[in-house]
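Undergrad: Sharing a sequence plus its predicted fold:
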Amino acid sequence: MRNLIVVGSMLVLTALSACAPSRPTGIFYPPAADNATEPELAAPETFATSAAPYLIRTADQIDVKFPFRPDFNETFTIPPDGKIVLPFVGPISAAGKSPAELTSELETDFDNLNKNLPPPTARHYNIRVGDVIDLKNADEPQLDETVTVRPDGRISLVFVGSVIAEGKTPEQLEAELRRGLSKFTSHADVTVIMHTMNTHQFVANNRTMVAPLGDLDNVQVVLRAFPPPRYYVGGEVLRPSELPYSGPISILQALFAAGGATPSGELRTVVVLRKGDDGRPMIIVHDLKAEIDGTAKTDFTLKPFDIVYVPKTQIAKVQDFLNNYLYSLFPMLKNSSLGFSFLYDINPSTSTTTTTTP
């Protein structure tokens, strides 16, 4: 039995072009959960001109300032994970928040640390290596000394010799030194004063905790420097580009900045991908051809990090189909006239090829 494949190139073009549904313009959201409520849609111009606060991004530089404790001021460059590390409160996510939001969060965190501290009667400080201690004797000033806790945890005194200080409270060390000095003098009422401490940790109820310094809940986050924002143009344009967003720019201007559309670009359904003010992804489909033709004035301003995508025309998609599939199978069709029909006998027992024209 003879099996014939009949292909009409002109008919294929016409049929595929006619079947392609036209995409409406407007704003679209990806499908939401069944119980989610779709937000009220606004015109593209509304989204383009809404005054949203600046959100901190990776590679931004911010100053974290403490007006009453400037010794804690720091400048951070936001790392790829978007987090910064501050004393007492640990890593905090900064990327994706406005400076005001981050300020409020830090104020709350530092304030909560103070509120959750055990009472002073339950806290005990344990001496550490590197702490500096003043030893005072009111009756024998010549016995006054200032010592630093050695790496082995000890201090050395003239009369007492080497004494382990690390891990003891100042009160425990004071009692031990009085016992040692009482062997050499009747004026052994030495007082231990912590001159410099290397940590703000203390022990309460057998737990090691941190006591933050006061006034750290007065904090301010200031945006110091940030890389220029970008926008992106891709699809059927001459120069797909990542471009600096140096000021208000319309879709048409962005298209020209990327070299303009290619002959296969479909300007009637240019797509703008955007992160909405509520954080949800948003798709805006815009008829730029009507803007160029002068039949409409609906072009609007892009936002930083918008993505402009010019899709292919339906006829270009058909041409891709012909190039990738049909012409690769039947190269002789490529140079044939429109309306040419090609009949190919795929029966291996024969090798006849017939061409006809309507």
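TA: Structure's in. What do you need? Treat the numbers as computed from the prediction; the structure is a model and nothing was measured.

Undergrad: all contacts plus neighbour counts: C-alpha atoms, from now on.
TA: Fine.

Undergrad: mind listing what's buried in stretch 130-138?
TA: When burial is assessed from 16 or more other CA atoms under 10 Å, stretch 130-138 yields the following buried residues: 130, 131, 132, 133, 134, 135, 136, 137.

Undergrad: Quick check: which of those residues has the minimum pLDDT.
TA: In this model, the minimum pLDDT among those belongs to residue 137 (84).

Undergrad: Identify the bridge partners of that one.
TA: residue 190 (DSSP bridges).

Undergrad: How much space separates it from residue 171?
TA: According to CA to CA, to the nearest Å, residue 137 stands 15 Å off from residue 171.

Undergrad: Now do the end-to-end distance for stretch 187-199.
TA: From its first residue to its last, stretch 187-199 covers 32 Å (CA to CA).

Undergrad: In that stretch, which residues are buried?
TA: Using 16+ other CA under 10 Å as the burial criterion, the residues of stretch 187-199 that qualify are 188, 189, 190, 191, 192, 197.

Undergrad: ok, now which ones touch the fourth one?
TA: Looking back up the chat, that one is residue 191. Contacts for residue 191 were tallied using CA atoms under 8 Å, 6 or more residues apart in numbering; they are 135, 136, 137, 174.

Undergrad: Would you mind checking which of the buried residues of stretch 130-138 is nearest to residue 246?
TA: The nearest member of the buried residues of stretch 130-138 to residue 246, counting by CA to CA, is residue 130 at 52.3 Å.

Undergrad: circling back to that earlier point, farthest pair within the contacts of residue 191?
TA: Between any two of the contacts of residue 191, the greatest separation by CA to CA is 11.3 Å, found for 137 and 174.

Undergrad: what do the two both touch?
TA: Between them, residue 137 and residue 174 share these contacting residues under CA under 8 Å, 6+ apart: 190, 191.

Undergrad: give me phi/psi at the residue nearest the centre of the chain?
TA: With distances taken as CA atoms, centre = their mean, the chain has residue 95 as the residue nearest its mean C-alpha position (4.6 Å). Dihedral pair for residue 95: phi -60, psi 140, per degrees, to the nearest 10.

Undergrad: swap in residue 76?
TA: In terms of degrees, to the nearest 10, the main-chain angles of residue 76 are phi -120, psi 140.

Undergrad: Residue 203 reaches residue 125, doesn't it?
TA: Yes - in terms of CA atoms under 8 Å, residue 203 counts as a neighbour of residue 125; the distance is 6.3 Å.

Undergrad: Now do the helices in the stretch 51-200 of the chain.
TA: With DSSP state H, counting those that start in this stretch as the criterion, the stretch 51-200 of the chain has helices at 99-115, 170-181.

Undergrad: circling back to that earlier point, how close does the residue nearest to the centre of the chain sit to residue 109?
TA: From residue 95 to residue 109 the distance is 17 Å (CA to CA).

Undergrad: which residues are contacting stretch 139-156?
TA: When contacts are defined by CA under 8 Å, 6+ apart, stretch 139-156 is touched by residues 128-137, 162-166, 187, 189.

Undergrad: again, but for stretch 110-124
TA: For stretch 110-124, contacts defined as CA under 8 Å, 6+ apart pick out 88, 89, 169, 202, 203, 204, 205, 211, 212, 216, 217.

Undergrad: List buried members of those residues by neighbour count.
TA: Applying 16+ other CA under 10 Å to these, the neighbour count classes 88, 169, 202, 203, 204, 211, 212, 216, 217 as buried.

Undergrad: ok, the nearest residue to the fifth one once chain neighbours are set aside to residue 151 distance?
TA: Right, residue 204. If you skip the residues right next to it in sequence, residue 204 has residue 123 as its closest partner in space, 4.8 Å away by CA to CA, 6 or more residues apart in numbering. Spatial separation of residue 123 from residue 151 under the definition CA to CA is 25 Å.

Undergrad: Low-confidence stretches in this protein?
TA: In the prediction, the chain carries residues with pLDDT under 70 at positions 1-52, 212, 277-279, 315-358.

Undergrad: how's it carved up into domains?
TA: Residue ranges for each domain of the chain read 18-51+228-314, 61-117+214-225, 121-210, as given by automatic domain parsing.

Undergrad: now the end-to-end length of the second one.
TA: Distance across domain 61-117+214-225, first residue to last, is 5 Å (CA to CA).

Undergrad: those strands in the stretch 151-300 of the chain, which residues are they?
TA: Ranges of strands in the stretch 151-300 of the chain, per DSSP state E, counting those that start in this stretch, are 154-157, 161-164, 190-196, 201-204, 207-210, 220-225, 230-235, 241-244, 270-275, 281-286.

Undergrad: quick one: the helices in the stretch 251-358 of the chain?
TA: For the stretch 251-358 of the chain, the helices identified by DSSP H, counting those that start in this stretch occupy 251-257, 288-293, 314-321, 327-329, in order along the chain.

Undergrad: What is the nearest of the contacts of residue 191 to residue 222?
TA: Distance ranking of these against residue 222, using CA to CA, places residue 135 first at 43.8 Å.

Undergrad: Go ahead and confirm that closest one touches residue 190.
TA: Yes - at 6.4 Å, residue 135 counts as touching residue 190 under the criterion of CA under 8 Å.

Undergrad: what's the distance between the residue nearest to residue 250 when sequence neighbours are not counted and residue 248?
TA: When the adjacent residues along the chain are set aside, residue 250 lies closest to residue 301, with 4.3 Å between them (CA to CA, 6+ apart). Distance from residue 301 to residue 248, counting by CA to CA: 6 Å.

Undergrad: right, and residue 220 touches residue 65 too?
TA: Yes - in this structure, residue 220 is within contact of residue 65 by CA under 8 Å, at 5.2 Å.

Undergrad: The strands of the stretch 151-300 of the chain: which one's closest to residue 263?
TA: Set against residue 263 and scored by CA to CA, the strands of the stretch 151-300 of the chain come closest in strand 230-235, at 11.9 Å.
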